[in-house]
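A.B. asks: Sequence and predicted structure, then a few things I'm wondering about:
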Amino acid sequence: MTLHANLESGAGFANPVLSSQSVFRSVMNALARPGSIQAIVDTVHAPSPLMQATAAVALTLFDHDTPIWLDNHFAGISAISAWLRFQSDAPLTVDASLASFALIHRGALLPDFETFALGTPEYPDRSTTLVVQVDTLTEGPELVLCGPGIKGAASLRAGSMPSDFVERMQANRALFPRGVDVLLTCGSELVALPRSTHVTVKGA
């Protein structure tokens with residue numbers, strides 16, 4: 001398939017300005033209220049298997065100053081690389097430790113957080129935000145979330161995550177203000193798990 005054909009089949013937002021503003025608000029709401037499910041209402045035309053929410057985040061947050069790392073599955077699909085370059089002008093990097101954002105095709109294959117940029121005490125913002133596609137946000141072990149932006153506690157069920165995901169999140173929080181931030185996407189929905197969020201398994 002030619003690059004021209006790829007771009008025709010994935011033209012991005014129908015209304016780039018208004019849609020980007022709407023998605024940006026959704027992402028900010030997700031980060032401000034960890035564990036809350038935010039719906040992306042704007043349709044995105046993007047190559048499969050990029051989910052709607054994943055593609056919307058890319059169109060809204062990626063630019064020429066944000067190096068992007070793709071996992072092996074996404075990196076092996078030339079249409080996705082071409083679409084990201086054309087739509088966002090973001091450079092792609094094979095070095096995860098240099099990435100501002102990382103796209104992970106499936107939660108179960110989530111790499112170790114230490115693979116990515118964790119920031120420094122002086123510049124904690126120089127870390128990687130992980131955009132992780134999951135099968136469901138309503139099934140699976142119930143996770144209990146506490147921390148900034150959460151009144152009391154919140155719960156989240158995210159399917160197909162690594163068996164040690166909770167331990168990874170706890171180790172990540174211990175690095176605060178360093179650490180990665182995680183955006184989970186499922187279809188047209190997203191949930192944020194900032195580095196400040198404390199995650200446990202209900203009943204553990």
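C.D. replies: In hand now; what should we look at?
A.B. asks: Can you name the element that comes right after the longest helix seen in the chain?
C.D. replies: Selection of the longest helix in the chain by residue count, based on DSSP state H, yields helix 16-32. Where DSSP states H and E defines the elements, the next helix or strand beyond helix 16-32 is strand 38-39.
A.B. asks: Direction included, what does that following strand pair up with?
C.D. replies: Within its sheet, and counting by DSSP bridges, strand 38-39 is paired with strand 189-193 (antiparallel).
A.B. asks: Spatially central residue in this structure, please.
C.D. replies: Nearest residue to the geometric centre of the chain (CA atoms, centre = their mean): Val131, 1.7 Å.
A.B. asks: Who does whichever strand or helix holds that one pair with, and is each partner parallel or antiparallel?
C.D. replies: Using DSSP H and E, Val131 sits within strand 129-133. Looking at strand 129-133 with DSSP bridges, its partner strands are strand 101-104 (parallel), strand 181-186 (parallel).
A.B. asks: Identify the residues contacting it?
C.D. replies: 49, 51, 54, 57-58, 61, 100-107, 110, 113, 116, 180-186 (CB atoms under 8 Å, 6 or more residues apart in numbering). No exception for glycine: its C-beta is placed from N, CA and C like everyone else's.
A.B. asks: Buried among the residues you listed? Make that a PyMOL selection.
C.D. replies: Command for PyMOL that selects the buried part of those, burial taken from 16 or more other CB atoms under 10 Å:
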select buried, resi 51+54+57+58+61+100+101+102+103+104+105+107+110+113+116+180+181+182+183+184+185+186
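A.B. asks: measure Ala90 to Met169 for me?
C.D. replies: 26 Å (CB to CB, to the nearest Å).
A.B. asks: Specify the local secondary structure of Ala58.
C.D. replies: At Ala58 the chain is in helix, as set by DSSP: H, G, I helix; E, B strand; the rest coil.
A.B. asks: from memory it sits against Arg85, does it?
C.D. replies: No. Ala58 is not in contact with Arg85 according to CB atoms under 8 Å; the separation is 11.0 Å.
A.B. asks: Pull up the overlap in contacts between these two.
C.D. replies: Common neighbours of Ala58 and Arg85 (CB under 8 Å, 6+ apart) do not exist.
A.B. asks: Stretch 19-26: how far from the chain's middle?
C.D. replies: Relative to the chain's own centre, stretch 19-26 is displaced by 15 Å; criterion: CA atoms, centre = their mean, to the nearest Å.
A.B. asks: Would you indicate which residues of it are buried?
C.D. replies: Quick answer for stretch 19-26 (16+ other CB under 10 Å): 19-20, 22-23, 26.
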